[in-house]
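# When you get a sec, could you give me coordinates for this:
(one chain, ligands or ions: 1)
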Amino acid sequence: MRVYSQNMRLPRHRDPACPFSPPAELRGLPAMSRLEFADGHLGWLATTMAAAKVVLGDPRFSARQELKHVPVRSARPGGPAAPAPPGFFATMDPPGHTRYRRLLTGRFTVRRMRELEPRVERIAAEHLDAMAAAGPPADLVSAYALPIPSLVICELLGVPYDDRGFFQDRTARIVLPDRDTAGAIADLSAYLGELVRRRRAEPGDDLISDLTGDLTDEELANVAMILLVAGHETTANMLALGTFALLERGVAYEEGAVEELLRWLSVLQLGAPSRAALEDVEVAGALVRKGETVAMSLSVVNRDPDEFDDPDALLPGRPEARRHLAFGHGVHQCLGQQLARIELRAGYRALFDRFPGLRLAVSAAEVPLKEGAAVHGVERLPVTWPT
Ligand code: HEM
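You can find the predicted model right below:
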């Protein structure tokens, strides 16, 4: 049994020389390395696909937030987290977690999500029309990448058309740095509570109305909030960062590119997902003691040379790309992955069809990256096209 003592302190998320790649100090580490967390806890970092799958797939590891230490200093200042409130299933373990997943899974099937595809295409087309009408240059983040997932979530949750402006403004504030994030979350939480009460009185053809028979108002508002937070920032960042990557590398978009972009970009930064050991567990030859937290860097895991040939190359259409863990693994594997795939496919396709000559309006080094955010991305993406 080996226990590594590669004490590392808050490693960088990405390589300063390449905004898409994990930092050099996280490459070539043992499958399980010791990692000092923000609160001094000596936990673990899983860096291979095999180790990550054990941690995410074994019920002896818990997703409960009150048991986990946080590796990144900015993520949660001091003190243990409170247990998840009713409905916050992403940080619950089975059987509580299972109950919510069962209720929601039917709403997120491939078939259901395909039904949303024409609506995603319509939303994308409307925003491209507006970009074309305004003329180049444009900021792809505010003009395209942020509004698409926000409006798609509106469709899913049944947010009335008249409220979209408010909803989009607050969801954008959650994503963009230097905005009043706490205020935006409080506004959205109050809004979702009210929406749930309205849907209970007047049901519509939407997810909230579907679940009023099974969940309390508080549970429903929290479920809606999770869907919003989990589904918006990730997809918006993938749309903008993926476009940046294709333009910067001079790689043409093709249908198979989505899985490879998910793998290559792995937008969740070091620390997510993470799990706490409920008992001693051996992972890839390392003994994780009860109470210790294992964090992972999906960015490193998805460049595992044992899984992917030439892992640092962006090769759209490579068949093994779909083995990536960008959506996690095990019981918490991303509930919205089919929706995300549809948004990304429709979003990139419509963008490159409309503007085949799309290019960066500034040099790649001038594109501002999100520093210290839990989800990697660009703050702005100035683009231009021939008119
Ligand atoms: C490219 C976009 C996305 C990425 C990279 C992504 C990634 C992930 C990952 C890695 C997890 C697992 C977390 C863990 O194991 O602790 C997860 C869970 C989750 N995702 Fe996504 N996600 C994306 C889009 C979406 C969308 C569009 C939705 C919904 C509208 C969504 C809803 C969720 C929910 C509800 C969970 C928690 C599932 C559970 O705990 O059972 N995600 N996502």
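
# so where is the chain shaky, pLDDT-wise?
The model of the chain has pLDDT under 70 over residues 1-12, 72-80, 175-179.

# Geometric centre of it: which residue is closest?
Centroid check for the chain by C-alpha atoms, centre = their mean gives residue 234 as the closest residue, at 3.2 Å.

# Isn't that residue up against residue 266?
No. If you go by C-beta atoms under 8 Å, residue 234 and residue 266 don't touch, sitting 10.7 Å apart. Just so you know, the C-beta spots here come from the backbone N, C-alpha and C atoms, and that holds for glycine as well.

# Quick check: residues of the stretch 101-250 of the chain near the ligand?
In this structure, the stretch 101-250 of the chain approaches the ligand at residues 101, 226, 227, 230, 231, 234, 235, 238, judged by C-beta under 6 Å from any ligand atom.

# how about 8 Å then?
Where proximity means C-beta under 8 Å from any ligand atom, the interface of the stretch 101-250 of the chain facing the ligand comprises 101, 104, 108, 149, 152-153, 156, 226-228, 230-232, 234-235, 237-238.

# Quick check: helices, which of those are part of them?
Among those, the residues falling in helices (DSSP state H) are 101, 104, 149, 152-153, 156, 226-228, 230-232, 234-235, 237-238.

# hmm, which two among these are most spread apart?
By the measure C-beta to C-beta, those have their two most distant members at 101 and 237, which lie 24.4 Å apart.

# what about these two, which has more around it?
Each of residue 101 and residue 237 had its neighbours counted (other C-beta atoms under 10 Å), and the higher figure belongs to residue 237 (24 against 17).

# Name the nearest residue to the more buried one, sequence neighbours excluded.
Of all residues not flanking residue 237 in the chain, residue 377 sits nearest, at 3.2 Å (C-beta to C-beta, 6 or more residues apart in numbering).

# Ok, residue 248 next?
In this structure, residue 248 finds its nearest non-sequential neighbour in residue 364, 4.7 Å apart by C-beta to C-beta, 6+ apart.

# now residue 311
Of all residues not flanking residue 311 in the chain, residue 303 sits nearest, at 4.0 Å (C-beta to C-beta, 6+ apart).

# What about the one you found, how many residues nearby?
As a burial measure, the neighbour count of residue 303 was computed by other C-beta under 10 Å and equals 23.

# In which helix or strand does it reside?
Counting by DSSP states H and E, there is no helix or strand that carries residue 303.

# contacting residues for it?
The neighbourhood of residue 303, defined by C-beta atoms under 8 Å, 6 or more residues apart in numbering, consists of 21, 22, 27, 264, 311, 312.

# What subset of these is buried?
Among the contacts of residue 303, those scoring as buried are 21, 22, 264, 311 (criterion: 16 or more other C-beta atoms under 10 Å).

# does residue 382 really touch residue 359, like I thought?
No. Applying C-beta under 8 Å as the test, residue 382 and residue 359 come out as separate, 10.2 Å apart.

# Compare those two (neighbour count), which wins?
With other C-beta under 10 Å as the criterion, residue 382 and residue 359 differ in neighbour count, and residue 382 comes out ahead with 17 against 14.

# mind checking how far the residue of the stretch 101-250 of the chain found nearest the ligand is from residue 196?
When you check the stretch 101-250 of the chain against the ligand by C-beta to the nearest ligand atom, the closest residue turns out to be residue 231, at 2.8 Å. Applying C-beta to C-beta, to the nearest Å, the value for residue 231 to residue 196 is 18 Å.

# Equivalent analysis for residue 114, please.
Relative to residue 196, residue 114 is positioned 27 Å away (criterion: C-beta to C-beta).

# Let me see the contact set for the residue of the stretch 201-350 of the chain found nearest the ligand.
Each residue of the stretch 201-350 of the chain has a distance to the ligand, by C-beta to the nearest ligand atom, and the smallest belongs to residue 336, at 2.0 Å. In this structure, residue 336 makes contact with 108, 227, 230, 231, judged by C-beta under 8 Å, 6+ apart.

# out of the residues you listed, which one sits closest to residue 135?
Comparing these against residue 135 with C-beta to C-beta places residue 231 closest, at 31.1 Å.

# and the closest one, how many neighbours?
If you count neighbours by other C-beta under 10 Å, residue 231 ends up with 22.

# now the one 10 residues further on
The burial count assigned to residue 241 is 26, neighbours taken as other C-beta under 10 Å.

# before we move on, what about the one 10 residues further on?
By the criterion of other C-beta under 10 Å, residue 251 has 15 neighbours.

# residues from the stretch 251-387 of the chain in reach of the ligand?
Along the stretch 251-387 of the chain, the residues adjacent to the ligand under the rule C-beta under 8 Å from any ligand atom are 262, 266-268, 272-275, 298, 325-337, 339-341, 343-344.

# Which PyMOL command selects the buried ones in those residues?
Isolation of the buried members of these (16+ other C-beta under 10 Å) is achieved in PyMOL through the command below:
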select buried, resi 262+266+267+268+272+273+274+275+298+325+326+327+328+329+330+332+334+335+336+337+339+340+341+343+344
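
# Mind checking which of the residues of the stretch 251-387 of the chain next to the ligand land in helices?
Filtering these for membership in helices, criterion DSSP H, returns 262, 298, 337, 339, 340, 341, 343, 344.

# pretty sure the second one contacts residue 334?
By that I understand residue 298. No. Between residue 298 and residue 334 there is no contact under C-beta under 8 Å: 11.3 Å.
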